[in-house]
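**Q** what's the 3D shape of this:
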Amino acid sequence: MVIGIEKFLSINKKLVIDMRTKEEYDTGHIIGSINFEILNYEERKKVSILYNDGLNQKAYLLAYEYALDKLPRLFSIIKKYKDQPIVFYCARGGSRSTIVYEVFKNLKAIEIYKLKDGYKSYRQFVNAFFDTALEGYESLTIYENVGVELSGEFLNNNHYLLVDLRNKLKSVENPFRLLNSKEEYLNNKMLNYLVFEKLYHSNLKKIVFIIPIIKSVSEIFHEALSQLIDSGEGIYLSKILEDRVKSIKDSYLKDDFTLDLILDFLESKRKKISNVLVDEIIDSLKNEEFIKGIELILLNYCDPMMDYFTENNEIIKMNSIKEINKYLENWSE
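**A** Modelled structure (predicted):
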């Protein structure tokens, strides 16, 4: 069955397969989808040349020829997920998703769908949602000082929706996050899609965003979404220096720690921090005096950046999870 975007979004626990090239997929894709190149970049290029020359039948046959070798591998994926609906999509619902849909649509006991107008329809629907559906939402943004970890410690209830983007966004004042190879930062399109999916599938109108310190939400989020974030209140949590240093050392400076990333970062900040301090920090880290090195980075780079950010954005400072919980209780009533 060929389905529209609203029907697509209403289907729960589905396997969504993106038939486009890896390059297209990496630029932006439907949240939760997996990539299966039915035509790779070079194959698609050759098919497109035929289409552009008006040789549609030859183009379609060539596309089928390229796809045939890949269908057994695709079928093995489908069999693994035979108990849930499977949706194919490509760029605009054209030949790539049509090829696989026509091959597999008659499989017995497996729900097979093709998304009408493909990724284009998803992208347009997300933009329309942000343009028209955010009226009546309220937002509050929580920031954490470098070395503070909020995860799992603060109140979360049925009165607001939590959108935690800390590990999805690079921070302008937290060099230590550069060291965590497990974090996968999203590009701007994917960040917007992630927020959309959370908002669209929830009936809550109060949104708590947790994000790192970034230059500007307007450079990252859809205009209406950035206005929602900017219009809400902001708070940030700090802790004493000793606790933050310990947290950073325990979280990031482990046995497999390499200095390369942090040293490169420090070299790039010589004008902002000063040559004398950068040399002192580098010497401390190279001599494994990690406590001293971390303290110097916090006091001479991270904390001044945080102070500048909070002063210019009138953000409320808090010193404990308990304080934030109380604030959230009052805000969400």
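**Q** can we go C-alpha only for contacts and neighbour counts from here?
**A** Noted.
**Q** show me where the stretch 51-200 of the chain has strands.
**A** 86-89, 112-115, 138-144, 161-164 (DSSP state E, counting those that start in this stretch).
**Q** please spell out which residues along the last one are buried.
**A** The neighbour-count check on strand 161-164 (16 or more other C-alpha atoms under 10 Å) flags 161-164 as buried.
**Q** before we move on, the earlier item: can I get the strands of the stretch 51-200 of the chain in TSV including distance to residue 248 and mean pLDDT?
**A** Shown next, in TSV, are those (distance: least, C-alpha to C-alpha, whole Å; pLDDT from 0 to 100):
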stretch	distance to residue 248	mean pLDDT
strand 86-89	43	97
strand 112-115	45	96
strand 138-144	13	93
strand 161-164	20	93
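**Q** flag the shaky bits of the chain, pLDDT-wise.
**A** For the chain, residues meeting the criterion pLDDT under 70 lie at 151-153, 178-183, 254-258.
**Q** from residue 110, how far off is residue 38?
**A** Here residue 38 is placed at a distance of 20 Å from residue 110 (C-alpha to C-alpha, to the nearest Å).
**Q** no no, residue 125
**A** Residue 125 is 27 Å from residue 110, by C-alpha to C-alpha.
**Q** one more: residue 129?
**A** Counting by C-alpha to C-alpha - residue 129 and residue 110 are separated by 31 Å.
**Q** with residue 224 instead?
**A** For residue 224, the distance to residue 110 - C-alpha to C-alpha - is 39 Å.
**Q** returning to that earlier point: so which of the strands of the stretch 51-200 of the chain is nearest residue 274?
**A** strand 138-144 (25.6 Å; C-alpha to C-alpha).
**Q** give the contact list for the closest residue to residue 56 other than its chain neighbours.
**A** Nearest non-adjacent residue to residue 56, counting by C-alpha to C-alpha, 6 or more residues apart in numbering: residue 50, 6.6 Å away. By C-alpha atoms under 8 Å, 6 or more residues apart in numbering, the residues touching residue 50 are 56, 58-59.
**Q** does residue 238 touch residue 143 like I think?
**A** No. If you go by C-alpha atoms under 8 Å, residue 238 and residue 143 don't touch, sitting 9.1 Å apart.
**Q** what segments of the stretch 1-150 of the chain are helices?
**A** 5-10, 22-27, 41-52, 56-68, 71-80, 95-104, 118-132 (DSSP state H, counting those that start in this stretch).
**Q** how far does the fourth one sit from its chain's centre?
**A** In terms of C-alpha atoms, centre = their mean, to the nearest Å, the gap separating the centre of helix 56-68 from the centre of its chain is 35 Å.
**Q** name the residues that touch it?
**A** Taking C-alpha under 8 Å, 6+ apart as the rule, helix 56-68 contacts 38-39, 43-44, 47-48, 50-51, 95-96, 99.
**Q** tell me the buried residues in that helix?
**A** 59-60, 62-64, 66-67.
**Q** picking up where we left off before, looking at residue 38 and residue 110, which is more packed in?
**A** residue 38 (26 against 17; other C-alpha atoms under 10 Å).
**Q** contacts only, for that one.
**A** So residue 38 contacts 19-21, 66-67, 70, 96 (C-alpha under 8 Å, 6+ apart).
**Q** could you redo the last one with a cut-off of 6 Å?
**A** 19, 67 (C-alpha atoms under 6 Å, 6 or more residues apart in numbering).
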